[in-house]
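[1] what shape does this take:
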Amino acid sequence: MKTDITLKSVYQARQRIAPVIRKTPLVRSTILSEKQGGEVCLKLENLQETGSFKLRGAANALLALTPEQKTQGVLAFSTGNHGRAVAWVARELGVSCTICLSQRVPSYRVEAMKSFGAEVVQEGASQDEAYDTALALEKDRGLTMVKPFDDPLVIAGQGTMGLEILEQQPGIDTLVVPVSGGGLAAGLARVIKAADPAITVIGVSMEVAPAMYHSIRAGKPVEVAEKDSLADALLGGIGLDNAYTYPMVVKYLDRIDLVSETEIEAGMAFAYDHQGILIEGAAAVTLSWLLKHQSPGKTTVGILSGGNVDTQTLLDILKRRQIPTN
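    Residues are numbered from 1 along each chain as shown. Sure thing, here's the model as predicted:
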């Protein structure tokens, strides 16, 4: 069985989604460059229309739908950002959309999806249970499932970011990327390693319930109980039937490191205080890693994957760390 994607599919995705997504900036961080003793650039995917990189994969999947599939409508399960992206693209295409979420998904993420016209079904205590709900609806209503990560079209869509990075910083020798279900990490690493296998790709996840990390240690996809985390968008299992992202992450990533909740909080505060940007916890794991570790290379690119953060959560963090909010 095929367990990888082609570079051709990534280039096809770039052409397909060009009218929908933004080519996001890659900006140099002076403070992180000084700390690392080399160039550190940050890819600002928080500036996508829906506030995260997920728009790339969702757009590629929905734009590849047949006319019949568009008529029937689409379905997704999500911890937040994927559902938001699918809902937005579906609205732009005039396609009906249903999003299945667990009860753990924060209300601000739920309301965002509803604001794009999606029907939201919230059941279960984990993304895996939301997936079970989605499977039942898929069968009952004849909807087309748009998976959040383990899908070739979605992975190829996320891989388009790699093409942009190579154009913006062709000297890259280290990539730091958040890891959850692995769609972003797999797509990016596939492109980056094709350009130069010597480029180091480091995945980062939170210490709380890192499903891909534990799956790799176990040598197969495993279930991991979800727990509360500032990086809530990284929660969720990778699927015991994972066909693409697990083998691709094993093949293309050099390692996955974990960061604590305190370190994620520090990353979010650093982004606000020193970079002047608002990012969510799932994106802050990249900064957490760069603040904690020494990069093995001289030209490092870190992915800031999204900016859909609850305002009150961020204010609480800034107050606790005694960082001015104006």
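
[2] what about the closest residue to residue 89 other than its chain neighbours, distance to residue 276?
    Once flanking residues are discounted, residue 89 sits nearest to residue 62: 4.6 Å by Cβ to Cβ, 6 or more residues apart in numbering. Where C-beta positions appear, they are placed from N, C-alpha and C, glycine not excepted. Here residue 62 is placed at a distance of 33 Å from residue 276 (Cβ to Cβ, to the nearest Å).

[3] the two - which one has more neighbours?
    Ranked by neighbour count (other Cβ atoms under 10 Å), residue 62 and residue 276 place residue 62 first, with 28 against 7.

[4] residues contacting that one?
    Residues in contact with residue 62 (Cβ atoms under 8 Å, 6 or more residues apart in numbering) are 74, 86, 89-90, 93, 95, 146.

[5] tell me which residues of the longest helix along the chain are tucked away?
    Taking DSSP state H as the criterion, the chain has its longest helix at helix 152-168. Residues 152-166, 168 are the ones in helix 152-168 that count as buried (16 or more other Cβ atoms under 10 Å).

[6] name the nearest of these relative to residue 48.
    Using Cβ to Cβ, residue 161 comes nearest to residue 48 of the buried residues of helix 152-168, at 9.9 Å.

[7] average pLDDT for stretch 245-262?
    For stretch 245-262, the mean pLDDT works out to 98.

[8] ends of that stretch, what's the gap?
    28 Å (Cα to Cα, to the nearest Å).

[9] equivalent analysis for stretch 121-132, please.
    End-to-end span of stretch 121-132 (Cα to Cα): 12 Å.

[10] so which bits of that stretch are buried?
    Neighbour counts over stretch 121-132 (16+ other Cβ under 10 Å) mark 121, 124, 126-131 as buried.

[11] what does that stretch rub up against?
    Stretch 121-132 is contacted from outside by 77-79, 98-105, 110, 133, 137, 223, 225-226, 235-237, 239, using Cβ under 8 Å, 6+ apart.

[12] go again using 10 Å as the cut-off
    For stretch 121-132, contacts defined as Cβ atoms under 10 Å, 6 or more residues apart in numbering pick out 75-80, 82-83, 98-105, 107, 110, 133-134, 136-137, 145, 147-148, 180-181, 209, 211, 223-226, 235-240.

[13] so how many other residues sit close to the closest residue to residue 260 other than its chain neighbours?
    Excluding its sequence neighbours, the residue lying closest to residue 260 (Cβ to Cβ, 6+ apart) is residue 207, at 5.3 Å. Under the neighbour criterion other Cβ under 10 Å, residue 207 is assigned a count of 16.

[14] distance-wise, check residue 207 relative to residue 227.
    Computed as Cβ to Cβ, the residue 207 to residue 227 distance reads 10 Å.

[15] returning to what we had before: ok, and the most crowded of the contacts of residue 62?
    Highest neighbour count within the contacts of residue 62, by other Cβ under 10 Å: residue 86, with 34 neighbours.

[16] start and end of stretch 35-51, how far apart?
    End to end - Cα to Cα - stretch 35-51 spans 28 Å.

[17] stretch 292-311 now?
    So stretch 292-311: terminal residues 25 Å apart, Cα to Cα.

[18] same question, stretch 167-178
    Across stretch 167-178, the terminal residues are separated by 21 Å (Cα to Cα).

[19] where along the stretch 101-250 of the chain do the strands fall?
    For the stretch 101-250 of the chain, the strands defined by DSSP state E, counting those that start in this stretch cover 119-122, 144-145, 174-178, 200-206.

[20] ok, back up a step: any idea how far the residue nearest to residue 89 is from residue 87?
    10 Å.
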